[in-house]
Each structure stands twice: as structure tokens, then as C-alpha cells.
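A.B. asks: Here is my input, please return the structure:
(one chain, ligands or ions: 1)
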Amino acid sequence: MLEEARERTLLLIGPLNEQDLHLQHDSLMSPVIWDLGHIAHFEELWLTRNLDGPVEFVEMPGMYNPFENPRRVRGTLALPTLTECRAEMEEIRARVLERLRSADLEDGNKLLRDGYVYAMVAQHEYQHNETILQTLQLKSGEPYRAPRRIRLPSAPAVVPNDGAMVRFPGGRVTIGTDDRTEAYDNERPRHAVALEPFWIDAHPVTNGAYLAFIEAGGYETRAWWSAAGWQWLEDARVQAPKYWQRGAGGWSTRSMDFVEHVDPAKPVCHVCYYEADAFARWAGKRLPTENEWEAAASWDPVAGRARFYPWGDEPATTELANVDQLSFGTARVGAYSRNVSPIGCYGMIGDVWEWTSSDFSGYPGFVSYPYREYSETFFGNEYKVLRGGSWATRPGAIRNTFRNWDYPMRRQIFSGFRCARSEP
Ligand SMILES: [Fe+2]
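C.D. replies: A predicted model of the protein is given here:
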């Protein structure tokens, strides 16, 4: 797992020169070389020092500590050259693999049991890969030459019943998981929740539907926006999703080095929470809560249990969903016929992260593990939860219970949404 994770990291950075790696392309993002050093030092902390010495349940001190060095200052750090950084990554990895030879994965130690800490470190690298892709999409200078290795399956250019909804019958469902082999602390514990019946979009909101919102004056109509959303809009002065451009021939959009006409059948991407919320109000709907989202993705009303993935319990693959980065873009909705949940929601895993209306907080009985700075530090009303992963998410870092979070104004992330409605 560790070797495969590293191969992917190196594939992604392959087209970058030293300047590309060291530039801070946007104040929101780290220089890519920082991500590389951070990946290696996180691995050193958890897979060497914390397995032997007293466990430091914190992020590692120094240059690669994300709290000591917030993103906006990372461009000013004395970061190593790629050659130096690669040497350090390899030196750390050699010690990690040496330590792994004597690791007892049946140990009572919760870190080692079932290889949890190894899965955590691999997952951390996967997640930083997606962060790096956000940076590369923002890259200054020549666009990033994306190593496109996955061809998206074809799908009809017209979405049948755009905006169609499916019904969730309501009742008692389970949310979250008790898994301790790969799940993060914020996904635990599994707990019962009673839901009212609700309706939810069968597909993520498409570019076509979003274009209708724009053309109906969505960005000029105060009534569709929350107070905070309108305030954001007045400051941001945008009129379309990030990376959309209006030209003589209509709207186009860019993913890395590929520019295309905005395809009405693809899910809208690079919208913030405020835009999603405004669209939903315009459409006479609302955003789902994260419990509704998870129930719609996982709950099998016939079996009376939650699935790990919409299609069942087998992990995500590139045959099942648009995940794993190398497609470098979204697929038309309906392109993955097996990516459907028991109640009939398509595309809940992959393509775009989906905004929910929920603040990020701990489930009842939440216990921070193994360090507060992964989740607990971010609990509160500042962040909104996103679900389902995107095309830029590695399969090992997504499942129905996986919770992502971000500020409601963020749109450099690969974010879209689907709407819900309460039953009248
Ligand atoms: Fe990290």
C-alpha cells in the first residue's frame, strides 16, 4: 500500500520542474514540495517514532507542521530541492519498511492492531494527492500536463430527467461505522438516527441545470441567497463556477491542460457551499443534511442495514465509479451504471464532492483517535461537511461514511452537490 501510494505521488509530480514545485501558486495552497516533505515526515512520525517511543498524539513539530506554518506562509520556508526531498522521502521509507518487518499487527496496541496506523498513513498520502491536484489546477505559468491514463466511459449527452428525485422512506437508520482498520475517528461510532421521509436528487446537479440557474439571474437575485452567501457574493464578485469562462461560443471550462465547452451532462464542479445553497433555493429544494446523504448512499431498506458503498460492500474501483485521479475530469452523469445506491441515487461516490447542509461535528460518543488535529480541532460551525469523494480522490480514501469538511466559501476543491426536499 505504501509503495503504491508513493508511486502515484511521484507520477503526479513527474511533469513539474523545480520552480513549479517551489512556487506558492495560490495563497490557499502549499508549494507542492511542502506537501511532499509533509507526507514523508508524517510517515516518519507515525511509522517509526510513535511505534517505539512514547506516542506523540500530535502533528510533528517543525517546518512540516501545518498549524505552525499555515498555508499562506509556506512559500517563505526554506524548503528543500526536489533531489533533497526525494532523498529524505527514501531514507524515511527505508526505516519504515525495516520497522514494519518486526511490527506485530495482532498487538493489543490500537495503533498497530490490524495495521490501522499503516492504513492511516497511506490514506494521508492519498488525501495529500488530492490537495496537490487542487494546487496543480491553480498552477501559474504553463498548465499542468496531466498524465491522463483513464478513459471515461461514454454516456448520453442529454441527462434524462435532469433534477429527478428519489424518495427515502424515512425511519431508523445507522450512520457512521465502528471500523478500526481504516475509518477515521470522525466516522465513529456507528449510531442510530431517526429520519423523516425525504426526497433527494437521483444525480448530482449538472452543468446544464446550473447554467439554467445562471441564465435565470441566479447570481443577481438576492432572494436565492443566504445572508452569509450574499455577503460572500458581494466580495467575491463571481458569476459562474470557478474555472468557467464565457466566450463568443458560450461557456468553456478547464481541467488542468484540457479546455472544453461546458458539457451540460456533467456534474457541476468548483462551486462553493453558498452557490449550492442558492441554487437549491432557486430550484425549490434544499441541500441534504449529511445524515440524509449517508442514508441515501448506504441504507438498504429491504435488508435493514447500511452498505459500505452505494453498490454494496466491495471497495471503489475505476470500473465502478469515476475515482482515482487519472481521468482528470468529471464524467457525464449516468456513465457508471453500477454506481447506484439501494434507493436509486446515482454517482454518490466519485466525480464531485457533494456539499451537505451540516456543520462538521463529532458523532454522539466521539472519541478523538489517534490525534486531535485530524478532526476534533475543526469541529464547530465554521465548516460544512462534504461527502462522496471526487474524480481526484483515491479509492482508499473514500467510502459512504467518509466525512470531508471545508469553509463554505471554498471552491478550489472538486466540489458539486445534489439537492433534497422534505416530504410535504
Ligand atoms: Fe497532512
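A.B. asks: show me what contacts S154?
C.D. replies: The neighbourhood of S154, defined by C-beta atoms under 8 Å, 6 or more residues apart in numbering, consists of R332, A335. No exception for glycine: its C-beta is placed from N, CA and C like everyone else's.
A.B. asks: Show me what the longest helix seen in the chain is packed up against.
C.D. replies: Longest helix in the chain by number of residues (criterion: DSSP state H): helix 116-137. Where contact means 3 or more C-beta pairs under 8 Å, 6 or more residues apart in numbering; DSSP states H and E, helix 116-137 is packed against helix 2-13, helix 32-44.
A.B. asks: The helix or strand of the chain with the lowest mean pLDDT: which residues count as buried?
C.D. replies: Comparing helices and strands within the chain by mean pLDDT, DSSP states H and E singles out helix 50-52 as the least confident, with a mean of 88. Neighbour-count burial for helix 50-52, with 16 or more other C-beta atoms under 10 Å as criterion, is recorded at N50, L51.
A.B. asks: re the thing from before, right, and the helix or strand after the longest helix of the chain?
C.D. replies: Remark: after helix 116-137, the chain's next helix or strand is strand 165-168, criterion DSSP states H and E.
A.B. asks: what about that following strand, distance to the chain center?
C.D. replies: When C-alpha coordinates are averaged (C-alpha atoms, centre = their mean, to the nearest Å), strand 165-168 and its chain have centres 24 Å apart.
A.B. asks: Tell me which strands the helix or strand just after that strand pairs with, and in which orientation.
C.D. replies: Following the chain from strand 165-168 toward its C-terminal end, the next helix or strand by DSSP H and E is strand 171-175. The pairing partners recorded for strand 171-175 under DSSP bridges are strand 191-195 (antiparallel).
A.B. asks: in the partner strand, what's buried?
C.D. replies: Buried residues in strand 191-195, counted by 16+ other C-beta under 10 Å: V193, L195.
A.B. asks: So for that strand, mean pLDDT?
C.D. replies: Mean pLDDT, computed over strand 191-195, is 98.
A.B. asks: Now the helix or strand following that strand - C-alpha only, CSV.
C.D. replies: Sequence-wise, the next helix or strand downstream of strand 191-195 (DSSP H and E) is strand 198-201. Output in CSV follows, covering the C-alpha atoms of strand 198-201 (Å, rounded to 0.1, in the frame of the first residue of the first chain):
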residue,chain,number,x,y,z
PHE,A,198,-37.3,12.9,2.2
TRP,A,199,-36.6,13.2,-1.5
ILE,A,200,-33.1,13.5,-2.9
ASP,A,201,-31.8,14.2,-6.5
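A.B. asks: Averaged pLDDT, strand 198-201. What do you get?
C.D. replies: On average, strand 198-201 scores 98.
A.B. asks: got the contact list for the closest residue in space to N404 that isn't next to it in sequence?
C.D. replies: In space, and not counting its chain neighbours, N404 is closest to L386: 4.4 Å by C-beta to C-beta, 6 or more residues apart in numbering. Counting by C-beta under 8 Å, 6+ apart, L386 touches W353, E354, W355, T356, N404, W405, D406, I413, S415.
A.B. asks: so how far is stretch 404-423 off the chain centroid?
C.D. replies: In terms of C-alpha atoms, centre = their mean, the gap separating the centre of stretch 404-423 from the centre of its chain is 11 Å.
A.B. asks: Offset the numbering so it begins at 275, please.
C.D. replies: Got it, the first residue is 275 from now on, which makes the last one we talked about stretch 678-697.
A.B. asks: Next, the buried residues of it.
C.D. replies: Of the residues in stretch 678-697, those buried (16+ other C-beta under 10 Å) are 678-680, 682-695.
A.B. asks: I'd assumed the residue nearest to N678 was in a helix, is it?
C.D. replies: No. L660 is assigned strand when assessed by DSSP: H, G, I helix; E, B strand; the rest coil, not a helix.
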